[in-house]
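**Student:** Give me a 3D structure for the following:
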Amino acid sequence: MRSLAFETATDNFRPMTDKQAVIDALNRLPEAASLDEITEELHIMAAIRRGRADIAAGRSKSHEEVEHLVESWATAWTSR
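**Tutor:** Down below sits the predicted model:
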């Protein structure tokens, strides 16, 4: 999977491999980061990438659609 990284010096986007993204994330973490903290950062990155892939594939709902779903669930729950 590839992502985009912003190059501030040139104001361009360039493709970034998963490995490059991990290295970038590791470089942003403090030197004393624990394995748990590193793992958490990578889990967050992976979740964001999955979410972006879902959006690109049309597997998401708009804010308005979610509001209607929640309202229907609340109505169904309170009518019991």
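**Student:** so when I look at residue 46, I'm seeing a strand, right?
**Tutor:** No - counting by DSSP: H, G, I helix; E, B strand; the rest coil, residue 46 falls outside a strand, being helix.
**Student:** From residue 18, how far off is it?
**Tutor:** The gap separating residue 46 from residue 18 is 9 Å, by C-beta to C-beta, to the nearest Å. (Glycine included, C-beta is placed from N, CA and C.)
**Student:** Now do the contacts for the residue nearest the centre of the chain.
**Tutor:** In the chain, the centroid-proximal residue (C-alpha atoms, centre = their mean) is residue 48; its distance is 1.3 Å. For residue 48, the contact set (C-beta atoms under 8 Å, 6 or more residues apart in numbering) is empty.
**Student:** and if you look at the one 3 residues further on?
**Tutor:** Applying C-beta under 8 Å, 6+ apart to residue 51 gives the contacts residue 60.
**Student:** And for residue 59?
**Tutor:** By C-beta under 8 Å, 6+ apart, residue 59 has no neighbours at all.
**Student:** let's have the chain start at 5 instead
**Tutor:** Fine by me, first position is 5 from now on; the one you just mentioned is residue 63.
**Student:** Next, give phi and psi for it.
**Tutor:** phi -100, psi 50 (degrees, to the nearest 10).
**Student:** Got phi/psi on residue 19?
**Tutor:** phi -70, psi 140.
**Student:** Can you verify residue 17 is assigned to a helix?
**Tutor:** No - counting by three-state DSSP, residue 17 is not part of a helix but strand.
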